[in-house]
Every structure is written in C-alpha cells, then in structure tokens.
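**Q** Sharing a model that was predicted from the sequence below.
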Amino acid sequence: MRFPWFRDWLVRKAAKLRLTGWVRNVGADTVETVLSGEDDAVDACVQLSWHGPSMASVSHIKITETKMHEEKFFMRRGSIPSPE
C-alpha cells in the first residue's frame, strides 16, 4: 500500500471541505499552506492537519491570518528551499 504524502492528502481534504488556497513544502520538514473558505471548514482542516495521513508526524502548527489572492480551488504548489 502506498502512503499518501502530506500535500496530496491535504489537497483532498481541503477539496472535500470546499476550501481554496494552496500547500507546499518548505525545506525538508515543513509544510506551508494557505486556507480560504468558511471559518468552520478552515477550522476543521486545521484540526485534521494535526493528524495528517498515515506516517505523518505533526509537531507544530502556526496559524497566521493573511490576505490572499482568491484561488479557484485548492492546489499543490512546488516546494521551496528552507530559508537560511
């Protein structure tokens, strides 16, 4: 059985919750995401993210409010290197 990667898993969960935004890896051990939608759906996605897919290890979630360009759906973006 193939275990889903966190980003792909989050894309599926966000789509089910009708969220828009994006997710990407930052460096080797950080996932960054922007979630937009109904407050209850965003909260539900954050709660789901604490557990993630099988084999995920989530130790910290930092929540920051931000303005974003409206996306039409939730998508996976390319990874970026870890900030120095």
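**A** All right, it came through fine.
**Q** Distance check, residue 22 against residue 31.
**A** Distance, residue 22 to residue 31, by Cβ to Cβ, to the nearest Å: 11 Å. In short, each C-beta sits where N, CA and C put it, glycine included.
**Q** actually residue 37, sorry about that
**A** In terms of Cβ to Cβ, residue 37 sits 18 Å off from residue 31.
**Q** Just give me the neighbour total for residue 73.
**A** 12 (other Cβ atoms under 10 Å).
**Q** mind checking the backbone torsions on it?
**A** phi -160, psi -180 (degrees, to the nearest 10).
**Q** mind listing what it touches?
**A** Applying Cβ atoms under 8 Å, 6 or more residues apart in numbering, we find residue 73 in contact with 15, 20.
**Q** Could you tell me whether residue 28 really is in a strand?
**A** No. The assignment for residue 28 by DSSP: H, G, I helix; E, B strand; the rest coil gives coil, which leaves it out of any strand.
**Q** can you pull out the helices in this structure?
**A** Assigned by DSSP state H, the chain shows helices spanning 6-16, 39-49.
**Q** and residue 37 and residue 31? which has more neighbours close in?
**A** Counted by other Cβ under 10 Å, residue 37 and residue 31 do not tie: residue 31 has more neighbours, with 19 against 16.
**Q** Tell me who's in contact with the more buried one.
**A** Counting by Cβ under 8 Å, 6+ apart, residue 31 has contacts 6, 7, 10, 23, 24, 25.
**Q** Tally up the residues packed near residue 63, please.
**A** Residue 63: 8 neighbours (other Cβ under 10 Å).
**Q** So it versus residue 78, what's the distance?
**A** For residue 63, the distance to residue 78 - Cβ to Cβ - is 23 Å.
**Q** cool, residue 66 as well?
**A** With Cβ to Cβ as the criterion, residue 66 and residue 78 are 20 Å apart.
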